[in-house]
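> Here's a sequence, model it:
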Amino acid sequence: MEETISLKEIFEVIKQRILLILAITLGAAVVAAVVSYFVLTPTYQSSSQFIVNQSTQEQEVPYNVNDIRANVEIINTYNVIIKSPAILEEVISQLNLPYTVGALSENIAVANEQDSQVVTVTATDENPELAVDIANTTVAVFQDKIQEFMNVDNVGVLTEAQLSANPSPVAPNPILNIAIAIVLGLMIGVGLAFLLAYLDNSITTEDDVEKHLELPVLGVISHMNSEDIRSNQMNFQLDRQKRGGFSGAQKESV
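Numbering: from 1, shown residues only. Model prediction:
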């Protein structure tokens with residue numbers, strides 16, 4: 001026979017294990033907060049932009065759609081060149097960075113909007129000042145080297161990276177990490193509660209007898225503790241006294 005579970009049973013399982021669920025959720029949130037604030041190292045980002053424009057030799061020639069399209073297409077080539085060892089090795093040398101070319105390449109992102117001639121170079125580092133230097137130096141080295149590689153001079157710096165007065169880290173995000181930890185904690189807590197309920201084969205109620213053993217319940221023996229016994233004794237004595245008083249009153253009336 002296929003077993004089904006009702007909403008009432010689900011709520012009962014959650015109610016029975018609510019302390020366990022809350023403890024796991026709170027623990028996950030505390031761990032996420034400690035890791036975010038005290039373990040993970042903050043990282044900062046800084047961006048520099050350059051624009052791919054018309055060559056200086058052809059500035060007297062008016063722009064047309066084909067020229068813009070060609071410049072946009074060549075940007076994809078520029079994006080690859082920027083993260084190449086030829087550029088990054090020079091950046092490492094000028095700034096005396098403690099990075100390999102591969103490590104520095106992972107800390108640099110190059111992107112441009114669709115059909116846009118503006119390219120944004122974003123550098124990420126644990127030091128906000130160094131992130132600014134990496135972004136500006138990368139664009140400057142690329143601007144110098146591209147003339148040797150492709151014999152073009154159509155790259156102009158649009159915006160240089162600048163260090164703000166109070167730089168804010170881009171990672172980690174403690175609020176987001178804590179929110180994710182709370183959701184995961186709730187999921188783990190609820191899952192563990194249902195797992196414990198599934199593994200619990202003990203029979204504690206009349207419904208368990210009928211459900212698991214498929215036997216009718218003939219009677220129930222109530223559990224009584226010492227307080228219940230004392231309370232019953234007091235009620236018995238009071239009833240006895242009342243009955244005794246009532247009998248005496250009847251004898252006197254007779």
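
> Which of the three states applies to residue 164?
Per DSSP: H, G, I helix; E, B strand; the rest coil, the secondary structure class of residue 164 is coil.

> Skipping its backbone neighbours, what lies nearest it in space?
In space, and not counting its chain neighbours, residue 164 is closest to residue 128: 8.0 Å by C-beta to C-beta, 6 or more residues apart in numbering. For glycine as for every other residue, the C-beta is placed from the backbone atoms N, C-alpha and C.

> ok, residue 155 - contacts?
The neighbours of residue 155, taking C-beta atoms under 8 Å, 6 or more residues apart in numbering as the test, are 50-53, 78, 142-143, 146.

> do the same with residue 85
Contact criterion C-beta under 8 Å, 6+ apart gives residue 101 as the residues in contact with residue 85.

> The residue nearest to residue 164 and residue 165, how far apart?
Per C-beta to C-beta, to the nearest Å, residue 128 is found 11 Å from residue 165.

> Ok, residue 129 next?
Residue 129 sits 12 Å away from residue 165 when distances are taken as C-beta to C-beta.

> The two: which is more packed in?
Of the pair residue 129 and residue 165, residue 129 is the one with more neighbours under other C-beta atoms under 10 Å, namely 12 against 4.

> Pull up the per-residue confidence for that one.
pLDDT recorded at residue 129 is 95.

> Any chance you could list what contacts the helix or strand containing it?
When secondary structure is defined using DSSP states H and E, the element that contains residue 129 is helix 128-150. For helix 128-150, the external contacting residues (C-beta under 8 Å, 6+ apart) are 44-48, 50, 77-78, 81-82, 86-88, 90-91, 94-95, 97, 104, 107-108, 121-125, 152-153, 155, 157, 160-164, 167.
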